[in-house]
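Colleague: Mind folding the following:
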Amino acid sequence: MVDFQSRDRRRDAHVSGVDDEDEDVTADESAAGDDETTDEEARAEYGPETFPFAVVAVTDDRTMEEDATGDIVVDAIESAGDAVATRELVAASYDGVQSTLTTLVARADVDAVVTVGGTGVEPDDVTVDAAEHLFDKHLPGFGELFRVLSHEQEGTATVRTRTTAGIVDEVPVFCLPGDTVAARRGVEQLVLEEAETLAEQAATEDTE
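Modeller: Modelled structure (predicted):
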């Protein structure tokens, strides 16, 4: 499993960067502290071998109850013995996707993020554009292998997907299509095989 002490220390260091002379704590800062504690407590509920994901549907035309692709991704993760720490639905907005990803990778109980939807070439397909601008490191092989696996079923239509992955703040982020079959393929054959190793290798080494 991943040693997440380094991630927690890095986040603590970021918080400690606030001017020490400013001892006043606003309501928002207090709430943020409460949220962080909640995340850590939620993580403690998982077994030592459980790897927690966040699942995000990017869509303008369905509700959480109608999100069949998200259901499939959650089922695949849980069937593998891992956990879904949170599941969210966000509108197909560049800023909305970036804001959601930034929030999720900062959570102590999220070790990887899977998004579904918005990976095509239509005007409102903004997931890849938003995510890639957050990537500290790109993982081009993820999209390449996904398209290889998809070609047998999809043929040349495979070129229409911009499926990709990268590391954001030490957390792997995988951007999959909104199609149920494609999303299942990506999660079962790629994400679940590599997410934990990617998180381990991306984590900052403990220098103490």
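Colleague: And stretch 119-134, what's buried?
Modeller: The neighbour-count check on stretch 119-134 (16 or more other C-beta atoms under 10 Å) flags 119, 120, 124, 125, 126, 127, 128, 130, 131, 132, 134 as buried. Placement of C-beta: from N, CA and C, glycine included.
Colleague: got the buried residues for stretch 83-97?
Modeller: By neighbour count with 16+ other C-beta under 10 Å, stretch 83-97 contains the buried residues 83, 84, 85, 86, 87, 88, 89, 90, 92, 93, 97.
Colleague: ok, now stretch 157-166?
Modeller: By 16+ other C-beta under 10 Å, the buried positions in stretch 157-166 come out as 158, 161, 162, 163, 164, 165, 166.
Colleague: same question, stretch 141-160
Modeller: Neighbour count says stretch 141-160 has 142, 143, 145, 146, 147, 149, 150, 154, 158 buried, by 16+ other C-beta under 10 Å.
Colleague: Out of those residues, which one has the lowest pLDDT?
Modeller: Least confident of these in the model: residue 154, at 92.
Colleague: Grab the nearest non-local neighbour of that one.
Modeller: Nearest residue to residue 154, sequence neighbours excluded (C-beta to C-beta, 6 or more residues apart in numbering): residue 182, at 7.8 Å.
Colleague: which residue ranges form the strands in this structure?
Modeller: Using DSSP state E, the strands found in the chain span residues 52-58, 83-90, 112-116, 137-138, 164-168, 171-176.
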